[in-house]
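J.: give me a model of this one.
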Amino acid sequence: MRIQLLNLAHARSGDKGDTANVGLIALEDKYYPLLVREVTNDRVKKHFAGICKGKVERFELPNLGALNFLLHESLGGGGTLSLMTDAQGKTFSTALLRMEIEIPDQEAQELGLA
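T.: Below you'll find the model as predicted:
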């Protein structure tokens, strides 16, 4: 079963210089292990292909049921340097929530997603 992250989490994002910061927070505690397993640095980097030119760092915050991602070199130099129309990271959270992951049907049923 393919499912968008918006069915499992909510997100917030911002920026500092040329780095976008995206927090992904599980809607329910039971979804957090799935997010940890499926939303990897590599998958986030691939999802933001063409936008994120640097590395992606992930930080796990189990006490909050959240993951935090730093997407380096994503804002064309940052708000004051970039020629991008919107060189801030505000919209990165919405973009990440559109990412799809694959969940085995049995697991989806156990989590109440199917």
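J.: find the centremost residue of this protein, please.
T.: Geometric centre of the chain, nearest residue: residue 96, 4.3 Å, by CA atoms, centre = their mean.
J.: check the separation of the first and last residues in stretch 46-64.
T.: Taking CA to CA, to the nearest Å, stretch 46-64 runs 25 Å from one end to the other.
J.: flag every buried residue along it.
T.: 47-48, 51-52, 56, 58 (16 or more other CB atoms under 10 Å). The C-beta positions use only the backbone N, C-alpha and C, and glycine is treated the same way.
J.: re earlier: can you give me the distance of the residue nearest to the centre of the chain to residue 29?
T.: 20 Å (CB to CB, to the nearest Å).
J.: quick check, pLDDT for the residue lying closest to residue 41 once chain neighbours are set aside.
T.: The shortest distance from residue 41 to any non-neighbouring residue, by CB to CB, 6 or more residues apart in numbering, is to residue 56 (4.5 Å). Listed pLDDT for residue 56 reads 97.
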